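Give me coordinates for this.
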Amino acid sequence: MKVVVVSIDALIYEDLEYLAVMNNMKGYLSEAHVCKKVVPIYPTFTYPCHVSIMTGCYADKTGVYHNCSFPERRWLWENSFVKVPTIFDVAKKAGLGTAAVCWPVTGGADIDFLVPEAWGETESDDPDPVFKRLCSEKGYKYFSRHKGQLDWMRTPGMDLFASACFCDIMRENDVDLAFVHFSYLDHQRHKNGYESKNNLEALKFIDERMGEVFSVLNEDTEVMILGDHGQRDFSSFFCLQNAVDGLGFCDSIKIHPASFSAQVYLDGIGEEDALGVLMRIKADYPGVIEHIFPKAEAAGKYHLEGGFSFVVEACDGVNFTDDSSLGLFHPSGSSHAAHGYLPEKGPFPPLCMKHKRLIDPWCRSVDIAPTVMSLFSLPMCCDGRALEMA
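Residues are numbered from 1 along each chain as shown. Coordinates of the predicted model:
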């Protein structure tokens, strides 16, 4: 048994209608079995969602509840941020060969062929030192071979690089379990809005990458294709930190935005007083804040827990920003869609499998890791459950 898991960032079920008539995906989708609705974790942000997919656990256990650390605002590239075993740990312990390319939060992990998602600290920096530190020894060879395709953290360069590394790894080595992540569709949705018809060029690009992936796989390889989250359109930015500062709490209440949600950290102010500040902002700016979750409620309802005291969910059409130069409100400009919202809000990503028929009409992102491991007849201790398959 060989299994390949492909994450197409921000892929939604509605995209499959368009991919089903494209050159490379039409053959796959004509035979694939599809779970139409994968419910992600909260916040629906790329790094927490990908960690839930590879661990089967929610953010309160993984320790990854944002793309970046706070207050440093540093990208969470390293696997050391993950506080529970991953699918790769379970696979390695069972003697399986593993690979991961551009999969978030895997840097430094014990994966045979590892080329993690990372980039130079600044646009002008040589990425080599970062990848030298984060790749596996065997993976670094493939980074070195294809690093010329990288364009810092931008796409499509990152996806061209990911495809080239992944295809060479799979062509040249015996790998049992492999993960790869493509992010171009997500980047284009941010610019073009969430609707599939607005992102046909990005879907065609993804179809081309999938053609490259299919070309190096055996016919009997189980190929799972999924998304990590959807996106929703918005029309304006709101700087919640500016609103807090305007009420005189700039030192005691700090906001870490996650687009449609935000995590609120306190220093020297009690939770009751801080809630009063947030409630005042909610009242003063109608149509901005949909809900304020105290930490106990966020943990109880959404398994979301960290060093913050509140989670704030934005109303439809509003995106929280940390760019204080924009003032309180600012039109969305060239940005049209984002994520980070409550997991029950759609649109939803799908889960597709090539050979196995999925019985369940919907699942959770935490169900994916135990489902993958069940294909190898290996148990995985986590929050999710293996999906029923035939």
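
Count the residues that sit near the nearest residue to T44 once chain neighbours are set aside.
Excluding its sequence neighbours, the residue lying closest to T44 (CB to CB, 6 or more residues apart in numbering) is H229, at 3.9 Å. Bear in mind the C-beta positions are built from the backbone N, C-alpha and C, glycine included. Counted with other CB atoms under 10 Å, the neighbours of H229 add up to 29.

Return the residues in contact with H229.
Listed by CB atoms under 8 Å, 6 or more residues apart in numbering, the contact partners of H229 are A10, P40, T44, F45, T46, C49, H339, P349.

Mind pulling up the pLDDT for it?
The model reports H229 with a pLDDT of 98.

Quickly find the element holding it.
Under the criterion of DSSP states H and E, H229 resides outside all helices and strands.

Can you give me the distance of it to I8?
Distance of H229 to I8, given as CB to CB, to the nearest Å: 11 Å.

cool, A109 as well?
Computed as CB to CB, the A109 to I8 distance reads 22 Å.

more crowded one of these two?
I8 (28 against 22).

Look at H330 and say how many residues are nearby.
Neighbours of H330 (other CB under 10 Å): 15.

if I've got this straight, it is in a strand?
Yes: according to DSSP: H, G, I helix; E, B strand; the rest coil, H330 belongs to a strand.

Doesn't D186 lie inside a helix?
Yes: per three-state DSSP, D186 lies within a helix segment.

can I assume it is in contact with I12?
No: taking CB atoms under 8 Å as the definition, D186 is not a contact partner of I12, at 10.8 Å.

Which neighbours do the two have in common?
Q231.

Helices of the stretch 1-150 of the chain, residue ranges please.
For the stretch 1-150 of the chain, the helices defined by DSSP state H, counting those that start in this stretch occupy 16-19, 25-31, 46-55, 59-62, 87-93, 128-134, 137-146.

Indicate which one of the ones you listed is closest to A258.
When these are compared by CB to CB, helix 46-55 sits nearest A258, at 8.8 Å.

who's in contact with the closest one?
5, 7, 9, 40-41, 57-59, 61-62, 64-67, 76, 82, 84-88, 103-106, 179, 181, 183, 186, 226, 228-229, 339, 365-366, 368-369, 382.

Just the buried ones from the residues you listed, in ChimeraX syntax?
Here is the ChimeraX selection string for the buried members of the contacts of helix 46-55, based on 16 or more other CB atoms under 10 Å:
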select :5,7,9,40,41,57,58,59,61,62,64,65,66,67,76,82,84,85,86,87,88,103,104,105,106,179,181,183,186,226,228,229,339,365,366,368,369,382
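
what's the spacing between the least confident helix or strand in the chain by mean pLDDT and its chain's center?
Least confident helix or strand of the chain, by mean pLDDT, DSSP states H and E, is strand 329-331 with a mean of 93. On the basis of CA atoms, centre = their mean, to the nearest Å, strand 329-331 sits 26 Å off its chain's mean C-alpha point.

Show me the shaky parts of this protein.
For the chain, no stretch has pLDDT under 70.

Which parts of the stretch 151-300 of the chain are helices?
Under DSSP H, counting those that start in this stretch, the stretch 151-300 of the chain gives helices at 157-172, 184-192, 200-215, 240-246, 271-284, 295-302.
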